[in-house]
Every structure is written in C-alpha cells, then in structure tokens.
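**Q** Here is a sequence with its predicted model. Questions after.
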Amino acid sequence: MPADALHDDTALATQRPEAMDAFWMPFTANKAFKARPRLLASAQGMYYTDVDGRQILDGCAGLWCVNAGHARPRIVEAVRRQIGTLDFAPNFQMSSPLPFVLAERLAELTPGDLDHVFFTNSGSEAVDSALKIALAYHRARGEGQRTRLIGREKAYHGVGFGGISVGGLPNNRKWFGPGLPGVDHLRHTLDIERNGFTPGLPAHGKEWAEELERVIALHDPSTIAAVIVEPISGSAGVILPPEGYLKRIREICTRHGIVLIFDEVITGFGRVGKAFAAQRFGVTPDIITAAKGITNGCVPMGAVFVSEDIFDAFTHGPDNAIDLFHGYTYSGHPLACAAALATLDTYAEDNLFEQAIALGEVWQQGLHALKGLPNIIDIRNYGLIGAIELAPRPDAPGVRGAEVFTRAFHDGQLLVRVTGDTIALSPPLIIEKSHIDQIFNVLGEVIKATA
Ligand code: PXG
C-alpha cells in the first residue's frame with residue numbers, strides 16, 4: 001500500500017469523521033454538538049468552509065485570534081519552511097536564534113519599558129506565569145510578604161489554577177476546589193442600567209476603581225503582590241472599562257507598590273486599534289500577558305511582557321544562577337516563533353493595527369443599528385469588538401443566546417461567539433464594509449427569528 005493511502009491528511013481534515021466519541025471537546029456541550037456537529041474544513045481570508053462545502057463568514061477571528069485573516073501566505077510559508085529547518089530546539093540552557101529575534105521585535109511594539117519577554121504556549125500559561133513572576137519579583141526584592149493577588153468578578157484569565165483563582169466566572173471556579181489562597185476580587189464594571197447601549201466606552205463607573213483602595217486597606221497594602229485586569233473583558237461578554245477607570249487603577253497600584261498586570265490575550269495585536277489596549281487607553285501596566293493574535297492563531301504561543309524594573313529584580317544573583325525557576329518545554333518553540341515573526345510582518349505590511357480605529361465608526365454604526373430588535377437589552381463595542389446582550393428567558397438562561405449562535409451558523413453561514421445570552425463579535429482585522437453589513441444583516445434576521 002502506498003504511504004499516502006495510509007494517511008491522507010487532506011481527506012482526514014475535510015471529511016466528517018466516522019466516530020466522534022473519543023474527542024472530549026473543551027468548553028462544549030458534547031452531546032448536543034455531536035448530535036449536530038459544526039465542522040470546519042478549511043479557511044481563507046474572512047471565510048471558513050465547512051465539511052459540507054458551505055462558506056462561513058468568520059465573525060470572531062476563530063476564537064479572537066486570527067487577527068490577520070486566515071491562511072495568510074507569508075505566515076503559511078514561514079511555518080512550512082521552519083518545520084523543515086528546525087523542528088524543535090530546547091530553551092533551557094540552550095536556544096535557537098528565533099526567540100531572540102522575535103523578542104526584540106515584540107519589545108518594539110510593547111508600551112513603556114515592557115521590553116523583556118517570557119514565552120509560553122497559551123494565554124492560560126501566560127497568566128499563571130505572570131502571577132508567578134509578580135510573586136517572585138516581590139520576594140527577590142525582599143518583600144516576600146506580598147503574596148495576595150486581586151482579580152475581578154466576571155474576569156477570564158484562562159483555566160490554570162492561578163487563572164481561575166483570580167478569574168471571576170463562577171462556572172469556571174466552582175467545580176475545582178478552593179483555588180489559590182489569598183485572592184480577592186473587585187466588582188466588574190458592567191452596568192446596563194446606567195450605561196446600556198452606549199457606543200464605545202461607558203461614561204459611568206470610574207468610581208468602582210476606588211474599591212481597590214478599600215480591598216487593599218482591608219488586607220494591608222504590604223501584603224498585596226499584584227492586581228490583574230483585562231482592559232476589556234472578552235469572555236464574560238465584552239465588558240468595557242468606564243472612562244478613567246484604568247488610569248485610576250494604575251494610580252492606586254503605583255501608590256502602593258503593587259504590580260499591575262493587563263491581561264491582553266484578547267485585546268493585544270490590534271484588536272482595539274493599537275498593538276495593545278494599554279496604548280489605546282494610555283495606561284501602562286507593569287506586566288502584559290498575550291497569546292492568540294501573536295501567531296495569528298496558527299501555532300500555539302503566549303507571552304508575558306515585563307518592565308525593566310521587574311526584569312532587573314531577577315538579575316542580581318551570580319552569573320551562573322538560574323534567575324527564574326519557571327518555563328515550559330515549548331517556551332520559544334521555533335515553529336511558533338517563525339509564525340509570530342511572519343504574523344508581525346503581515347500586521348505591519350497591511351497596517352492592520354490601524355484597522356480597528358479606521359473601521360471603528362462603521363462597525364459601531366452597524367452594530368448599534370440593531371437596537372430595537374426583540375430581546376436586545378444592551379449593545380457594546382470598542383475597536384473591532386462587539387457584543388449584543390439578549391434578555392435571558394426566565395426559565396432558561398443561556399438558551400436564547402445558544403439558539404442565536406446555532407441559527408447564525410446553520411442558517412446564516414456566520415460564525416459568532418456566544419457566552420450566556422451575549423453574542424460576542426471580534427472579526428479578523430482585514431474585514432471590509434461588505435462583511436460588516438453581512439454580519440449585522442444575518443444577526444438581525446436571526447435575532448428576529450429567535451423568540
Ligand atoms: N486571558 C484572557 C483575557 C483570555 O481571553 C485566556 C487568558 C486564556 O488563553 P488560552 O490560550 O489558554 O485559552 C483567554 C482566552 C471566548 C473565548 O469565546 C475566550 C478565550 C478562550 C476561549 C474562548 O470568549 N480567551
């Protein structure tokens with residue numbers, strides 16, 4: 001038998017599989033999915049093609065990650081070439097050229113002096129790495145009593161034990177025991193009553209930043225290591241920072257010597273019109289976590305960017321002492337580095353970081369034109385992010401949202417994200433006006449058709 005008859009990759013990847021039992025799908029209602037699967041076979045630009053040959057408009061850049069659109073030639077070629085050149089290289093006391101080249105390139109994009117990069121393979125790992133770095137930083141400076149971490153309600157910081165501990169989504173926490181000790185939470189900033197249907201940043205809610213002073217005082221400032229926030233919460237259904245809120249959080253952290261971490265896994269790499277949301281909001285944290293768009297989603301990679309001050313705290317030991325007892329087999333993987341470098345080139349060539357501002361107005365208008373359709377209780381947007389919040393059915397929260405999501409896919413050939421009863425949108429940054437019209441036409445029809 002010829003070798004390719006044994007293993008025809010194209011056929012395997014593009015046809016409905018014979019059995020679907022063994023793959024335990026993440027964050028999925030496995031029974032419902034397997035009863036009516038949605039299987040994507042290929043992708044190009046703004047569109048997926050599913051296994052039935054239907055074109056599906058990608059309204060969420062895969063999972064908030066394919067910011068440059070699918071199958072960009074430069075990225076495809078770079079990964080193809082890299083795997084045949086150097087498939088793996090260890091990064092513990094060894095390395096290869098690529099992570100150094102990539103780190104320098106990334107440091108040019110980050111705000112302030114966040115010029116040192118620790119590589120991970122996902123956003124969850126980036127978050128857990130950032131929390132560990134914050135704790136170790138204080139200890140390295142002789143402030144080892146700073147062990148408390150502060151997150152927020154409704155936050156999503158991935159699924160590691162650190163991430164779910166500082167995260168604020170009850171379903172992601174309640175199944176898994178008590179989590180890290182010494183964690184406290186601020187309230188979230190969603191306030192539909194005061195801010196409902198506001199285009200862009202909400203006007204009300206800056207005062208919630210003052211809660212941080214209260215929580216810090218309760219525990220004593222000298223015990224707090226870090227505060228972690230998503231500049232915009234994505235997974236909880238797009239929760240925006242009220243005007244002035246992040247600046248205030250920054251001021252309070254600075255006053256008390258607390259490390260401020262921005263989790264930019266979603267907001268990084270052009271999603272809001274700059275490389276990072278920190279730059280768009282004019283607030284510089286001490287650490288940024290990133291992932292997703294760093295490789296345009298095509299090879300897993302995450303990163304932690306740290307300030308000069310934090311990095312310096314680790315470099316005072318003898319030259320042969322390991323400065324951080326932390327790392328992953330695949331930190332700085334050559335394939336991910338090659339993908340990331342080609343991704344950064346693609347972003348630059350096409351000026352993609354500017355798109356979310358250039359198209360922001362059209363996006364905002366299209367989205368807010370849905371106001372008035374049945375069951376819509378709020379619409380939120382910033383950069384190329386959007387959310388439509390639907391009223392939950394009294395007896396069945398989440399079902400209306402799930403129906404809109406499945407109808408959009410099966411009837412409207414549109415991929416969106418759903419979380420509870422909120423439809424979230426984050427299209428590739430190569431989106432054009434015609435796609436924007438298509439997204440909101442389909443969603444309008446689907447929402448009208450969903451009781
Ligand atoms: N932090 C933030 C802010 C995220 O949005 C993570 C950390 C974890 O990244 P990894 O790579 O470990 O998944 C995320 C991930 C959704 C959705 O539809 C969002 C994420 C992942 C899956 C689905 O909202 N964000």
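**A** Yep, it's here.

**Q** List the residues that contact whatever residue of the stretch 301-450 of the chain ends up closest to the ligand.
**A** Scanning the stretch 301-450 of the chain for the residue nearest the ligand gives residue 417, at 4.2 Å (criterion: C-beta to the nearest ligand atom). Every residue, glycine included, has its C-beta placed from N, CA and C. Contacts for residue 417 (C-beta atoms under 8 Å, 6 or more residues apart in numbering) come out as 60, 63, 64, 405, 423, 424, 425, 426.

**Q** Could you list which of the residues you listed belong to strands?
**A** Taking DSSP state E as the definition of strands, those contribute 423, 424, 425.

**Q** just curious, which of those residues is nearest to residue 25?
**A** Nearest to residue 25 among the ones in strands among the contacts of residue 417: residue 424, at 19.1 Å, using C-beta to C-beta.

**Q** Dig out what the closest one forms beta bridges with.
**A** Residue 424 has the following beta-bridge partners by DSSP bridges: residue 387, residue 417.

**Q** Quick one: name the residues of the stretch 101-250 of the chain near the ligand.
**A** With C-beta under 6 Å from any ligand atom as the criterion, the stretch 101-250 of the chain comes near the ligand at residues 122, 123, 124, 127, 156, 157, 158, 230, 234, 235.

**Q** Is the fourth one in a helix, a strand, or coil?
**A** It stands for residue 127. Under the three-state scheme (DSSP: H, G, I helix; E, B strand; the rest coil), residue 127 adopts helix.

**Q** Look up which helix or strand the nearest residue to residue 274 once chain neighbours are set aside falls in, please.
**A** Nearest non-adjacent residue to residue 274, counting by C-beta to C-beta, 6 or more residues apart in numbering: residue 280, 4.5 Å away. Residue 280 belongs to helix 277-281 when assigned by DSSP states H and E.

**Q** near the ligand at all, that helix?
**A** No - using C-beta under 6 Å from any ligand atom, helix 277-281 stays clear of the ligand, with a minimum separation of 10.7 Å.

**Q** Other residues contacting the next helix or strand after that helix?
**A** Helices and strands here follow DSSP H and E; after helix 277-281, the next one along the chain is strand 287-290. Strand 287-290 is contacted by residues 110-111, 114, 123, 126-127, 129-130, 133-134, 226, 259-265, 268-269, 276, 278, 302-307, 310 when judged by C-beta under 8 Å, 6+ apart.

**Q** Mind checking which of those residues land in strands?
**A** Of the contacts of strand 287-290, the ones assigned to strands by DSSP E are 226, 259, 260, 261, 262, 263, 302, 303, 304, 305, 306.

**Q** Switch these over to JSON lines; also include neighbour count.
**A** Compiled in JSON lines, the ones in strands among the contacts of strand 287-290 are given as follows (neighbours: other C-beta atoms under 10 Å):
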{"residue": "226", "neighbour count": "26"}
{"residue": "259", "neighbour count": "26"}
{"residue": "260", "neighbour count": "24"}
{"residue": "261", "neighbour count": "31"}
{"residue": "262", "neighbour count": "31"}
{"residue": "263", "neighbour count": "32"}
{"residue": "302", "neighbour count": "28"}
{"residue": "303", "neighbour count": "29"}
{"residue": "304", "neighbour count": "28"}
{"residue": "305", "neighbour count": "32"}
{"residue": "306", "neighbour count": "28"}
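
**Q** closest to residue 21 among those?
**A** Residue 21 has its nearest neighbour among the ones in strands among the contacts of strand 287-290 in residue 302, at 30.6 Å by C-beta to C-beta.

**Q** where does the stretch 301-450 of the chain come near the ligand, residue by residue?
**A** So the stretch 301-450 of the chain meets the ligand at 417, 419 (C-beta under 6 Å from any ligand atom).
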